[in-house]
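# any chance you could fold what I've pasted below:
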Amino acid sequence: MDLFEKAQSLLKDFKADKYLFGPGVLNKVGAIISRHGKKALLISDSFPGIDVFLDKIKASMSKNKIELTGQVEGASPNCPLEDLARITKAIVYEDPDVVISFGGGSTIDAVKAAVVLKTLGGNIDEYFGSGLVTKKLQETGKKLIPHIAIQTAASSAAHLTKYSNITNIQTGQKKLIVDEAIVPIFSVFDYETTYNAPADLTVDGGIDGIAHSLEVLYSAVGKDNYKEIENVTITGIEIIVSCLEKAVNDPGDKQARDELCLGTDIGGYAIMLGGTNGGHLTSFSLVDLLSHGRACGLMNPYYTVFFAPAIEQSLKVVGNIFKKAGYLEKDIDSLKGRDLGIAIAEAMIGFSKKIGLPTRLNDVKGFTDDYVSRALTAAKNPQLKMKLQNMPIPLTAEMIDEYMGPIFQAAKDGRLDLIKNV
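Okay, here's the model as predicted:
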């Protein structure tokens with residue numbers, strides 16, 4: 001079984017009969033929607049060439065006698081609170097049997113949160129954190145409106161996961177709902193929707209997919225299901241490292257595009273097995289400076305050095321991937337602890353440079369020390385405590401300034417030597 005076949009097999013094991021994926025699958029969505037109702041509201045992104053795909057969805061719905069009650073514009077990047085409010089209002093007004101999201105992670109996340117608000121009411125702040133939607137559903141005896149998520153970007157794998165990221169644009173801070181209850185009832189990903197994706201979106205999505213698998217792998221060290229998580233995450237990292245540069249340099253390379261879709265989906269599988277940590281936590285405070293994927297990709301090498309003494313087993317397998325891809329020359333078998341972490345971090349930075357990503361915060365237009373203060377403050381917020389707990393070297397709020405502060409100083413100047421290990 002080659003890497004592509006292995007990734008496909010893992011996804012089938014993960015989602016069973018609740019996921020339709022691959023090139024040209026949109027013609028089958030009507031039959032899926034009909035299982036959950038006859039009146040559907042469509043929340044859709046907008047991008048060049050989208051009409052071809054929308055026509056396929058609508059034709060399949062018509063064939064299966066599904067009434068399209070309306071079509072609503074999707075969410076802007078990072079899903080601002082204002083877009084969530086607008087989409088929620090539309091769902092309340094239309095009162096459909098089923099809601100369909102057709103777009104990237106922001107639109108899918110918006111619909112996840114909107115169906116919660118439509119069903120349970122209240123303010124979105126009530127649901128930030130872990131398991132609070134499920135708790136309210138149990139208390140009220142209600143059920144969420146069925147949500148069918150149709151992904152259009154190789155990136156966040158929001159169509160497969162229990163996460164919804166919502167951003168307060170005024171404060172520049174992103175917060176997170178984590179709850180099994182918001183996993184879409186069915187997921188669809190027609191890879192053909194990604195074939196004309198621009199280079200920036202391609203890179204952002206690919207590096208986000210790596211971050212999902214990498215951070216979950218780091219967090220899994222010492223846990224009973226480590227071997228299962230290693231098998232999944234290493235597959236995701238390797239497939240993206242091997243195909244991302246090809247997909248960026250040759251947008252018409254359909255095989256590379258299909259591999260990237262699989263790799264980022266494996267990242268979605270990973271974050272259902274375990275949690276992300278440092279890179280994702282930090283990215284929540286950089287939403288008005290960098291795309292989510294770029295923020296994670298920039299910060300993860302620095303967190304790698306910080307975590308290194310606790311994750312040698314994981315770093316060895318990650319190192320072999322980057323060595324195979326030509327980004328690492330050192331003999332990683334002879335390295336340990338911090339030295340091993342630095343070698344892997346340098347390889348990750350080399351990979352980021354090769355695909356055109358910034359590797360220092362000081363190279364990012366608009367960066368100031370205010371972002372460091374914002375991130376350190378946000379890390380102490382109890383609603384983001386899960387990210388601190390998911391770290392392979394867990395931090396308490398009292399340890400943030402002492403240990404996370406130097407990580408930011410290192411990331412500002414690209415100086416791995418500034419990182420302080422526990």
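# give the closest residue to the residue of the chain positioned farthest from its centre in space, chain neighbours not counted.
Going by C-alpha atoms, centre = their mean, the residue of the chain most distant from its centre is Lys65, 34.0 Å out. Distances taken as C-beta to C-beta, 6 or more residues apart in numbering place Lys38 nearest to Lys65, at 6.9 Å, with adjacent residues excluded. (Glycine included, C-beta is placed from N, CA and C.)
# how close does that neighbour get to Lys142?
Using C-beta to C-beta, to the nearest Å, Lys38 is found at 21 Å from Lys142.
# over to the most centrally placed residue in the chain. Which of the three states is it?
Nearest residue to the geometric centre of the chain (C-alpha atoms, centre = their mean): Ser156, 3.1 Å. Secondary structure, DSSP: H, G, I helix; E, B strand; the rest coil: Ser156 is coil.
# repeat for Leu42
Leu42 - assigned by three-state DSSP - is strand.
# mind listing the helices for the stretch 151-300 of the chain?
Along the stretch 151-300 of the chain, counting by DSSP state H, counting those that start in this stretch, helices occupy 199-220, 226-249, 254-273, 278-283, 292-307.
# select, out of the ones you listed, the one closest to Val188.
Nearest of the helices of the stretch 151-300 of the chain to Val188, taken as C-beta to C-beta: helix 254-273 at 11.7 Å.
# how about the contacts made by Ser34?
Taking C-beta atoms under 8 Å, 6 or more residues apart in numbering, we find Ser34 in contact with Asn64, Lys65, Ile66.
# kindly provide the distance from the second one to Phe102.
Distance of Lys65 to Phe102, computed by C-beta to C-beta: 20 Å.
# now do the buried residues in the helix or strand of the chain with the lowest mean pLDDT.
Across the helices and strands of the chain, mean pLDDT, DSSP states H and E gives its lowest value to helix 385-390, namely a mean of 80. Buried residues in helix 385-390, counted by 16 or more other C-beta atoms under 10 Å: Lys385, Met386, Lys387, Leu388, Asn390.
# the fourth one touches Met404, doesn't it?
When you say that, I think you mean Leu388. No. Judged on C-beta atoms under 8 Å, Leu388 makes no contact with Met404 at a distance of 9.2 Å.
# domain parsing for this structure?
Domain assignment of the chain by automatic domain parsing yields the ranges 3-193, 198-418.
# how many neighbours does the residue lying closest to Asp253 once chain neighbours are set aside have?
Using C-beta to C-beta, 6+ apart and skipping residues adjacent in sequence, the residue nearest Asp253 is Lys246, 5.4 Å away. Counted with other C-beta atoms under 10 Å, residues neighbouring Lys246 total 15.
# hey, where'd the strands end up in the protein?
19-22, 39-44, 67-73, 98-103, 129-130, 147-151, 163-168, 173-178, 186-190 (DSSP state E).
# Met348: how many residues sit nearby?
Neighbour tally, Met348, other C-beta under 10 Å: 26.
# now stretch 231-248: average pLDDT?
Here stretch 231-248 scores 96 as its mean pLDDT.
# Gly49 contacts Thr194, correct?
No. Look at Gly49 against Thr194 with C-beta under 8 Å: they stay out of range, at 10.9 Å.
# mind checking which of these two has more residues around it?
Thr194 (26 against 10).
# surely the more buried one touches Ala153?
Yes. Counting by C-beta under 8 Å, Thr194 touches Ala153, with 6.3 Å between them.
# shared neighbours, Leu388 and Met404?
Counting by C-beta under 8 Å, 6+ apart, the residues touching both Leu388 and Met404 are Ala379, Leu395.
# surely Glu180 meets Tyr163?
No. Using C-beta under 8 Å, Glu180 is not in contact with Tyr163, being 10.5 Å away.
# who has more neighbours out of those two?
Tyr163 (24 against 12).
# what's near enough to touch that one?
Asp109, Leu176, Ile177, Val178, Ile182, Ile271.
# just Glu228 next, same as before
So Glu228 contacts Leu273 (C-beta under 8 Å, 6+ apart).
# and if you look at Ile349?
Contact analysis of Ile349 by C-beta under 8 Å, 6+ apart lists Pro301, Thr359, Gly414.
# any idea how far the nearest residue to the first one once chain neighbours are set aside is from Ser106?
So the one you mean is Pro301. Counting by C-beta to C-beta, 6+ apart, Pro301 lies nearest to Ala345, which is 3.8 Å off, once chain neighbours are set aside. Applying C-beta to C-beta, the value for Ala345 to Ser106 is 29 Å.
# before we move on, what about Ile321?
29 Å.
# before we move on, what about Ala197?
Separation of Ala197 from Ser106 (C-beta to C-beta): 15 Å.
# same question, Lys330
Distance, Lys330 to Ser106, by C-beta to C-beta: 39 Å.
# more neighbours, these two?
Taking neighbours as other C-beta under 10 Å, Lys330 and Ser106 compare with Ser106 leading, 27 against 16.
# out of the contacts of Tyr163, who's the most crowded?
Most surrounded of the contacts of Tyr163: other C-beta under 10 Å gives Asp109, at 29 neighbours.
# can you give me the neighbour number for the nearest residue to Leu273 once chain neighbours are set aside?
Nearest non-adjacent residue to Leu273, counting by C-beta to C-beta, 6+ apart: Ile229, 5.2 Å away. By other C-beta under 10 Å, 21 other residues sit near Ile229.
# so Ile229 touches Lys223, yeah?
Yes. With contacts counted by C-beta under 8 Å, Ile229 reaches Lys223, the gap being 7.4 Å.
# who touches both of these two?
Gly274.
# for the closest residue in space to Tyr269 that isn't next to it in sequence, which residues are in contact?
Spatial nearest neighbour of Tyr269, excluding adjacent residues (C-beta to C-beta, 6+ apart): Phe14 at 4.7 Å. The contact partners of Phe14, taken as C-beta under 8 Å, 6+ apart, are Leu160, Tyr269, Met272.
# doesn't Thr235 make contact with the second one?
If I follow you right, that is Tyr269. No. Counting by C-beta under 8 Å, Tyr269 does not reach Thr235; the two are 9.1 Å apart.
# no further queries at this time; thank you.
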